[in-house]
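**Q** fold the stuff below for me.
(one chain, ligands or ions: 1)
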Amino acid sequence: MASSCSSSIIGVSSIYQTNQKDPNFPKISHFSIPLKHTSITTHNLRAKKSSHFVGSAVVTPNSSSLLSEEAFRGLGSGFGKSPLNSDDENEYGEFSEDGDVGVVSDDELSVSKLGLPNRLVQALESRGITQLFPIQRAVLVPALEGRDLIARAKTGTGKTLAFGIPVLKKLSEDDQERSSMRRGRLPKVLVLAPTRELAKQVEKEMKESAPYLSTVCVYGGVPYTTQQNAITRGVDVVVGTPGRLIDLINSNSLKLNEVEFLVLDEADQMLAVGFEEDVELILEKLPVQKQVMLFSATMPSWVKKLARKYLNNPLTIDLVGNDEEKLAEGIKLYAVPTTSTSKRSILSDLVTVYAKGGKTIIFTQTKRDADEVSMALTSIIASEALHGDISQHQRERTLSGFRQGKFTVLVATDVASRGLDIPNVDLIIHYELPNDPETFVHRSGRTGRAGKQGTAVLMFTSSQRRTVKSLERDIGCNFEFISPPSVEEVLGSSADQVVATLGGVHPESIQYFMPTANRLMEQQGVNALSAALAQLSGFSRPPSSRSLITHEQGWVTLQLTRDGSSRGFFSARSVTGFLSDVYSAAADELGKIHLIADDRVQGAIFDLPEEIAKQLLTKELPPGNTLTKISKLPALQDDGPPSDYYGKFSNRERAPRGGSRDRRGGGSGSRSSWGGRSGGRYSGDDDFQRGSRGGRSESSDWLINDRRSSPGRSSFGRDRGSGSFGGGGGSFGGACFVCGRSGHKASDCPTKQGF
Ligand SMILES: Nc1ncnc2c1ncn2[C@@H]1O[C@H](COP(=O)(O)OP(=O)(O)OP(=O)(O)O)[C@@H](O)[C@H]1O
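**A** Below is the predicted model of the structure:
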């Protein structure tokens, strides 16, 4: 069972209002929503640590109905301090609890019972939108009352329609009065979005929900003419990115004097991508009389400033609140240890095992990595890259191909982390740590949308283990730490995927193959079927074994344990001593060693080349020792270096040139080949400025016997140069496996028993 933030509960609801001008403004606004019988039982409501917790909503994972009791409760009560008064950059502010528990029936969430215009209801229902999500229900009434709003909710919970439904309702009604197709009519609604993709997505959502209205999307990277012509024909809703909007305003193509509704979507992201000035310029051009809805995941001071200046007595609706779990419902979280050399091969296995043929988005830090990873994957799984250097036209083609399932893996930089709504993404892989917890939440939020289930896998290196732990604290969720998929798992998943495609074979085609199938079954039985599955899975030849530690092909990971009766301190040296005694060729070829992190078990796991491992497993062992080939890593002792503070300052690994490990080479060759990122700075999407590597080079094989190995220093398996540990004919430098003391082999141990 994967760790996750999942429970049957979503979010915290808080609604509070502020009045900058009048401190005595009544603290409570009442909205007249009839509260009737509910299907939600209170035992589902989870008590939160914070006394400010107001409530939660029950999620039925596969349904489109997220039922929000609190969306109702909060409407009449639950006020707290204003986010606008808080100096904390990311504070939404607290909110106080109110015992007024309202209840809500399905009817009251039902799109058809909300008094929306028929054609809007029909369009929504034809899209499968029959019941409001909590944020939509919470926003609906105050929005219809004309309130300015500041709102936030978790990823994929329907924020677009939260502002969309009220404005579309208003326009759908107005539209009957104003001559619907009047040429040259000016927009009533302006939606600002920080990225082109997001703008296009909002446009799509609005268009599909109200196809009878004219919605135009404007953004850079494409010619002006089409957008200008569309505006000239007459428009109801304009969605756009700030830069292009300013151009169109300045060229007089877009007039904003009839705008009645302004929506600022992902307002904090506007700041992150440097649109502050443009946004303010646009806001200055709008009529004073208008309704503003601002959606923002965080409240940096610029957003607060904006809200103070341009919003009138805003009501804040916060469905995240003090909820420790920042991730949306139903996203399973895994963390998998990797090394620079193993990352890529693990990646395709993760996709095979965890996406199970569905859609995957892999997030990288830089454009170059996105390109390289996508190229490397393409020979195994169809994939495309998406980042800021790709032309707008190609970006759109890529996204549409991904949406339609023409290829199943998208490798993207963080341009795709915010807001992108691609249905049925099953798996998110964080190929590199995100820069901050917020980015992790947004990246992961590309799956598990609209109440669905999803999986997010974080790949990390040993030096990043502590960062992963702090990430857990920051997002309020736990990872399940897993091993890279074993060969058996990869084969099993591949077979499952093949089996899943069999249902698509036309019955008539099956008939043609029946005689051969019958003959084969008679001759070979189930072998024939296995051979067919192996062939269809692309494994007509057996896969070579792989190290569980480095994931390198041709290697096997073995586990050595010794029972409690054996004396002496167990260390990595014990392993080399043991191997020297049992089968010296194994000591010569020894790869990485890690000690098992279990107080009750004395043991280690280590890598050997496949053939050597086979031989070793045939040897007689000293009593009390057990040697097995393992397919899952046990918990290992961990003594990583200090936290590397998310992607920003992380030690960015680069595979050594040539990739594979050099077993014979000097230790420093492979170890120091990481592209250390110390001092490097990641400045926004893809703009990675490499820092100097600094004095200390980080190593993937950092832990041997609780000690960091350093370049040039002899260590197990790799560096035979100094001969101090490695065995292989040099003087024996390891501890005796029997007594644990150094200076002699176990076979010469004065205390040895029966070896
Ligand atoms: N009431 C509803 N019933 C069913 N599906 C819905 C409903 N409301 C929205 N959706 C669908 O849920 C998906 C997610 O919605 P949306 O993109 O608005 O989420 P979001 O909260 O803006 O996410 P993010 O924070 O990641 O931008 C969309 O595909 C949308 O069509």
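**Q** only C-alpha atoms from now on, for both contacts and neighbour counts.
**A** Noted.
**Q** now H594, what's its secondary structure?
**A** strand (DSSP: H, G, I helix; E, B strand; the rest coil).
**Q** so it sits right up against A635, yeah?
**A** No. Counting by CA atoms under 8 Å, H594 does not reach A635; the two are 9.7 Å apart.
**Q** neighbour count for those two, which is higher?
**A** H594 (24 against 14; other CA atoms under 10 Å).
**Q** and the stretch 351-500 of the chain, which residues reach the ligand?
**A** Contacts of the stretch 351-500 of the chain with the ligand, taken as CA under 6 Å from any ligand atom, map to R418, G419, D421, G445, R449, A450.
**Q** which one of the residues you listed is nearest to the ligand?
**A** G419 (3.2 Å; CA to the nearest ligand atom).
**Q** that closest one reaches L198, doesn't it?
**A** Yes. G419 is within contact range of L198, at 5.9 Å (criterion: CA under 8 Å).
**Q** which residues do these two both contact?
**A** Residues touching both G419 and L198 by CA atoms under 8 Å, 6 or more residues apart in numbering: none at all.
**Q** quick check, nearest of the residues of the stretch 351-500 of the chain next to the ligand to L433?
**A** Nearest to L433, judged by CA to CA, of these is G445 at 15.1 Å.
**Q** identify the residue nearest the closest one in space, chain neighbours excluded?
**A** Once flanking residues are discounted, G445 sits nearest to T155: 5.2 Å by CA to CA, 6 or more residues apart in numbering.
**Q** how near is the one you found to R449?
**A** Note on T155: its distance to R449, by CA to CA, to the nearest Å, is 7 Å.
**Q** quick check: neighbours shared by those two?
**A** With CA under 8 Å, 6+ apart as the test, T155 and R449 both reach A328.
**Q** quick one: low-confidence parts of this structure?
**A** Applying pLDDT under 70 to the chain flags the ranges 1-107, 174-181, 322-324, 565-568, 638-755.
**Q** for it, which residues are neighbours of the ligand?
**A** So far as CA under 6 Å from any ligand atom goes, the chain lies against the ligand at 64, 128-129, 131-133, 154-161, 418-419, 421, 445, 449-450.
**Q** mind listing which of the residues you listed are in helices?
**A** K159, T160, L161 (DSSP state H).
**Q** the second one: what's it in contact with?
**A** Listed by CA under 8 Å, 6+ apart, the contact partners of T160 are V202, E205.
**Q** strands of the stretch 51-200 of the chain, start to end?
**A** 57-59, 66-68, 149-152, 189-192 (DSSP state E, counting those that start in this stretch).
**Q** next, count neighbours for I482.
**A** With other CA under 10 Å as criterion, I482 counts 16.
**Q** could you do D598 as well?
**A** 12.
**Q** and A335, what does it touch?
**A** V457, L458, M459, F460, F479, E480, F481, I482.
**Q** does the second one touch L433 like I think?
**A** Yes. Proximity of L458 to L433 meets the contact threshold set by CA under 8 Å, at 7.2 Å.
**Q** more neighbours: which of the two?
**A** Neighbours were counted for L458 and for L433 using other CA under 10 Å; L433 has more, 27 against 24.
**Q** any idea how far the more buried one lies from P484?
**A** Distance, L433 to P484, by CA to CA: 17 Å.
**Q** what ranges do the helices span in the stretch 151-300 of the chain?
**A** 159-177, 196-209, 224-233, 242-250, 267-272, 276-285 (DSSP state H, counting those that start in this stretch).
**Q** A412: which of those helices is closest?
**A** Comparing those by CA to CA, helix 196-209 comes nearest, at 12.8 Å.
**Q** that closest one packs against which elements?
**A** helix 118-126, helix 159-177, strand 215-218, strand 237-240 (3 or more CA pairs under 8 Å, 6 or more residues apart in numbering; DSSP states H and E).
**Q** the inter-axis angle of it versus helix 159-177?
**A** 50 degrees (axes from the mean of the first three to the mean of the last three CA atoms, to 10 degrees).
**Q** for S383, name its beta-bridge partners.
**A** Note on S383: beta-bridge partners V409, judged by DSSP bridges.
**Q** test my guess that it contacts L410.
**A** Yes. If you go by CA under 8 Å, S383 and L410 touch, sitting 5.6 Å apart.
**Q** joint contacts of the two?
**A** With CA under 8 Å, 6+ apart as the test, S383 and L410 both reach S374.
**Q** and for the nearest residue to L120 once chain neighbours are set aside, the neighbour number?
**A** Spatial nearest neighbour of L120, excluding adjacent residues (CA to CA, 6+ apart): A210 at 5.9 Å. The tally of other residues near A210 (other CA under 10 Å) stands at 23.
**Q** which other residues reach stretch 607-617?
**A** So stretch 607-617 is in contact with 545, 547, 549, 554-558, 582-583, 585-586, 589-593, 627-628, going by CA under 8 Å, 6+ apart.
**Q** include secondary structure when you put the contacts of A335 into CSV, please.
**A** What follows is the contacts of A335, written out as CSV (three-state DSSP):
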residue, secondary structure
V457, strand
L458, strand
M459, strand
F460, strand
F479, coil
E480, strand
F481, strand
I482, coil
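**Q** wait, which of the residues you listed is closest to the ligand?
**A** V457 (17.6 Å).
**Q** list the contacts of the closest one.
**A** So V457 contacts L333, Y334, A335, V336, L427, I428, I429, H430 (CA under 8 Å, 6+ apart).
**Q** can we see that at 10 Å?
**A** 332-336, 350-351, 354, 362, 427-431, 444, 479-482 (CA atoms under 10 Å, 6 or more residues apart in numbering).
**Q** great, nothing more from me.
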